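Engineer: how would this look folded up:
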Amino acid sequence: MDKLVQLDNEFFDSIDVPKDQVLRQLLSKYSHCVMADHPSSYNFGFVPRAEAIVEALYDASQTDSPTNHHSYEDATTGKIQTQADRYASFEDLFDGMELKIDWKSCIVWHGKRDDFGPILSWKDFLSKRNEDIAYVMAHLADLIIDWSSRAWVISEYHIAMKKNNLKYWFTEFRRRHVKGLPFFKFDFRASISSYETEPGGVRGYVIGSMLMGLTTESFLEDILNSKASKNEDRFYAILPHSKYDDKINQVADWKINTMTSVKLKLFEIMNAEDKLKLLFSVGQSINVMSQLIPTFATPTVHVSDAFLFSGEVDLPNLFNKSAISIHHRAHESQLYHCLQLTPKGYRVQSKPYNEELLQYANTRKEILCSHLQLDEDSLEIDFVKLSFFDRPPSYYQSGYGYLDVDIYLTGSFLKNKWILDSRDMPKRLDKWDYYDNNNTATVFDIY
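Structural biologist: Numbers count the residues shown, from 1 in each chain. Got it, this is the predicted structure:
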């Protein structure tokens, strides 16, 4: 910390900032506020430029200047403090000042607020320096996000997290200017506390980025969203730190080479709840134009969609551990992967279909028939909506249905062959008929 104070003072000297202890203390303390993205700037009904904030800091330092550098007893707390201690927060700087009407009313402040005040020749240098710091810090945060998403790095920080002992260094820093050990230490517990007290601004962005990249995510997020030169490395790196660590010795036999093979294997080894999470993650991002099967193991997954299921699930739409399972079936020398799903309840699109949905049904019929050897002339298309949570019909009738997560199936009840379909389906609940599946008679074979 002393080194940072020294560096600040050297910079202040170089740009001729007055050798005023309180002014320099305020400039150092609130330098992160002299940045366009600091959220505190938006709480006053205007967005002050960095120059305005610098001027406010200067004015604050000059208030009661004879006592600025001396300690005094606070009448409310009885504690001894300096004039600078009065400004405990960034907002206090503005609360104690009389702002001009035209400054308060402006959406963006465009110049000096007081034509008769001193011209602070150094304020532009201070603003430019903080813009440079903001740019560099954002760049470092991006590096952290990129680095921490690599499969083997995820493995390393899982180990470091257990002992709260993660050290890191940016290779872009010049070591010849750094004395001592060239490492930073990331304190997981302290960083969470720091982020909660200051979630915004550049500092909050950097800490938030590191927390997002270096704290434990769900097993699915780790294995699907990580970067790996070889897809099998996702299992080698992440399985040992999961509840599926007993599978690590089998990875060599799995012949994992594509993201589809990663997902197919996950449907084999995971428990029912995680399988359901994976199915719905894929269903949230499936493209309406996609004609690839298996539709439940597409080659890509949206990063943001996996976050939908990062927490524990209290009401999954499943009966038991065997309610979702994968099967591999051969037909005329072709291997088909089939996911069998037995939900507690489901919804079926009412008939007759309108013209738009009828045209859509015909396009999906072509895909089903071409892949699964069905008769296009006799096949009748059905649409099914499945909800992730087990909710009674009254829940949707009360208007809370928008809080649920749904996927859609297109196929045939008669043939029991289905494909995962796009979310771009009719959303009106009065067009869907609800069926409970308490007798587990309905099992969906999804290809």
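Engineer: Just give me the neighbour total for Ala361.
Structural biologist: By other CB atoms under 10 Å, 17 other residues sit near Ala361. Backbone N, C-alpha and C define where each C-beta goes, glycine included.
Engineer: Run through the strands of the chain in chain order.
Structural biologist: For the chain, the strands defined by DSSP state E occupy 72-73, 80-81, 166-168, 184-186, 324-331, 334-341, 345-349, 382-387, 406-412, 417-421, 432-436, 444-446.
Engineer: Lowest mean pLDDT across the ones you listed, which one is that?
Structural biologist: Confidence, taken as mean pLDDT, is least for strand 72-73 of these (a mean of 44).
Engineer: in the chain, what secondary structure element scores lowest on mean pLDDT?
Structural biologist: helix 101-105 (a mean of 41; mean pLDDT, DSSP states H and E).
Engineer: Verify the stated contact: Asn366 with Leu379.
Structural biologist: One correction, residue 366 is Glu, not Asn. No - using CB atoms under 8 Å, Glu366 is not in contact with Leu379; the gap is 10.0 Å.
Engineer: Domain parsing of the chain, as residue ranges.
Structural biologist: Domains of the chain are assigned by automatic domain parsing as 2-131, 149-254, 258-446.
Engineer: check contacts around Val262.
Structural biologist: Val262 makes contact with Ile223, Leu224, Asn231, Arg234, Phe235, Ile256 under the criterion CB atoms under 8 Å, 6 or more residues apart in numbering.
Engineer: Could you check how far it is from Arg234?
Structural biologist: Relative to Arg234, Val262 is positioned 6 Å away (criterion: CB to CB, to the nearest Å).
Engineer: Then His337?
Structural biologist: Taken as CB to CB, the span from His337 to Arg234 is 19 Å.
Engineer: higher neighbour count, these two?
Structural biologist: Taking neighbours as other CB under 10 Å, His337 and Arg234 compare with Arg234 leading, 25 against 19.
Engineer: That one touches Ser226, doesn't it?
Structural biologist: Yes - with contact defined as CB under 8 Å, Arg234 counts as touching Ser226 (6.0 Å).
Engineer: what residues are shared contacts of those two?
Structural biologist: Common neighbours of Arg234 and Ser226 (CB under 8 Å, 6+ apart) are Ala151.
Engineer: count of residues packed around the residue nearest to Met259 when sequence neighbours are not counted?
Structural biologist: Nearest non-adjacent residue to Met259, counting by CB to CB, 6 or more residues apart in numbering: Pro299, 4.6 Å away. By other CB under 10 Å, 12 other residues sit near Pro299.
Engineer: Okay, buried residues for the longest helix seen in the chain please.
Structural biologist: Counting by DSSP state H, the longest helix found in the chain is helix 123-148. Using 16 or more other CB atoms under 10 Å as the test for burial, helix 123-148 gives Lys123, Phe125, Leu126, Ser127, Asn130, Ala134, Met137, Leu140, Ala141, Leu143, Ile144, Ser148.
Engineer: got it, and stretch 153-170?
Structural biologist: Neighbour counts over stretch 153-170 (16+ other CB under 10 Å) mark Val153, Ile154, Ser155, Tyr157, His158, Ala160, Met161, Leu166, Tyr168 as buried.
Engineer: Just to check, the fourth one is in contact with Leu166?
Structural biologist: Yes - assessed by CB under 8 Å, Tyr157 is found in contact with Leu166 at 5.8 Å.
Engineer: Find the residues that touch each one of these two.
Structural biologist: Shared contacts of Tyr157 and Leu166, counting by CB under 8 Å, 6+ apart, come down to Leu214.
Engineer: Now do the same contact list for the residue nearest to Met259.
Structural biologist: By CB under 8 Å, 6+ apart, the neighbours of Pro299 are Thr258, Met259, Thr260, Leu292.
Engineer: neighbour-wise, which of these leads?
Structural biologist: Thr260 (18 neighbours).
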